[in-house]
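predicted model, plus sequence, below.
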Amino acid sequence: MTDRGELHDSAGARSCALGIDIGGSSIKAGLVDLERGRVIGERVVVPTPQPATPETLTNAVCGAAAEVLAESPVGASAAESADETSTTLPVPVGIAFPGVVKRGLVTFAFNLDDSWLGTNIEQTMGAALGRPCVFLNDADAAGIAEMTFGAGRGWHDRTVMMLTLGTGIGTALFTRGRLVPFTELGHVEIGGEDAELSASASAKVRLGLDYPTWAAKLSRYCREIEKLINPDAFVFGGGVSQDHADWLHLLDISTPAAPAKMQNDAGIIGAAVHGASVPTGAQR
């Protein structure tokens, strides 16, 4: 997003939260205005370490968080009032993770080191950041941003399926405004193979498909989702959604469809919203 928000209440941290979006190649972080759904100031982007082990990834996330807060009015205010040994972050923290985290434990991780499997990432990151933090799947984070501030705002009483079209197909399912977490419906089989192998944005590039041909493959996948889920709306995200005028009208599906609005800040914003909404110590 290019229209950056200003903090509504710079005297306190309740109107904002820190969102961190961990990807296979980069980590994005920003302070989010929770009333407007906008990143305050500039987001910080750092490379994802290779290999992304618990130690190297934790250090990178902490560095990104520190950089964000050093540039923010909330971070500066907290630094003035804190003692020299305090490492506690002054705002809630939510982190979008490319995998599955259940009750704090990593059960599956995409494009990260296998040493994460079975690790309590909430304890590891929380101890390093100096405050509890909550995790959610990266596609779910993007969906939360769209349902709260973007294309899904008018569909809170319905069933909405967000599809993030990128290297694969990320899915986030909402019914009556509530997230059904950790869906992996990009792996639905079409013609004996994962749908994302032919219908993702990367498949379009890899197979050299024009928009009509790719839209036909994406339509076939969406019709399968229509049979399985019967959603009231599709929201399409990922970088290719910015070119929606070239292909959205080509889809042969029964369900209303809309392009995502939050673009590259969706993961940060959704993570921040989730971090602010989960009470400290709550079971996830």
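On my side now, so go ahead.

tell me where the model's unsure across the protein.
1-14, 73-89, 280-284 (pLDDT under 70).

now the helices for it?
54-70, 73-81, 121-129, 138-149, 196-199, 201-207, 211-229, 266-277 (DSSP state H).

which residues does the fourth one contact?
The contact list for helix 138-149 (C-beta atoms under 8 Å, 6 or more residues apart in numbering) reads 19, 21-23, 36-37, 94, 96-98, 136, 152-153, 155-156, 160, 162, 164, 170-174, 177, 179, 181-182, 235, 237, 260-262, 265-267, 269-271, 273-274. Yep, even glycine has a C-beta here, placed from its N, CA and C like the rest.

run the last query once more with 6 Å
37, 96, 98, 152, 162, 164, 170-172, 174, 179, 181, 235, 237, 260, 262, 266-267, 269-271, 273-274 (C-beta atoms under 6 Å, 6 or more residues apart in numbering).

out of those residues, which are buried?
Neighbour-count burial (16 or more other C-beta atoms under 10 Å) is assigned, among the contacts of helix 138-149, to 37, 96, 98, 152, 162, 164, 170-172, 174, 179, 181, 235, 237, 260, 262, 266-267, 269-271, 273-274.

related to what we said a few turns ago, in TSV, list the helices of the chain along with distance to residue 31.
Compiled in TSV, these are given as follows (distance: least, C-beta to C-beta, whole Å):
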stretch	distance to residue 31
helix 54-70	6
helix 73-81	7
helix 121-129	14
helix 138-149	15
helix 196-199	33
helix 201-207	29
helix 211-229	35
helix 266-277	8
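
nearest to residue 249, of those?
helix 211-229 (8.7 Å; C-beta to C-beta).

could you pull up the residues touching residue 244?
By C-beta under 6 Å, 6+ apart, the contact set of residue 244 is residue 259.

repeat that with 10 Å
Applying C-beta atoms under 10 Å, 6 or more residues apart in numbering, we find residue 244 in contact with 236, 257-260.

these in strands, which ones?
Secondary structure from DSSP state E places 236, 257-259 of the contacts of residue 244 in strands.

looking at those residues, which is nearest residue 42?
Nearest member of these to residue 42, counting by C-beta to C-beta, is residue 259, at 24.5 Å.

okay, now that closest one: neighbour count?
Each residue near residue 259 was counted by other C-beta atoms under 10 Å, and the total is 21.

same check, this time on residue 211
The criterion is other C-beta under 10 Å. On that basis, residue 211 has 16 neighbouring residues.

quick check: it vs residue 237, distance?
17 Å (C-beta to C-beta, to the nearest Å).

residue 200 now?
Here residue 200 is placed at a distance of 12 Å from residue 237 (C-beta to C-beta).

what do the two both touch?
163-166, 170.

mark which of those residues are part of strands, please.
Counted as lying in strands by DSSP E, out of those, are 163-165, 170.

roughly how far does the closest residue to residue 122 other than its chain neighbours sit from residue 132?
Among residues not flanking residue 122 along the chain, residue 104 sits closest, at 3.8 Å (C-beta to C-beta, 6 or more residues apart in numbering). For residue 104, the distance to residue 132 equals 10 Å [C-beta to C-beta].

again, but for residue 62
On the measure of C-beta to C-beta, residue 62 and residue 132 end up 15 Å apart.

this completes my enquiry, with thanks.
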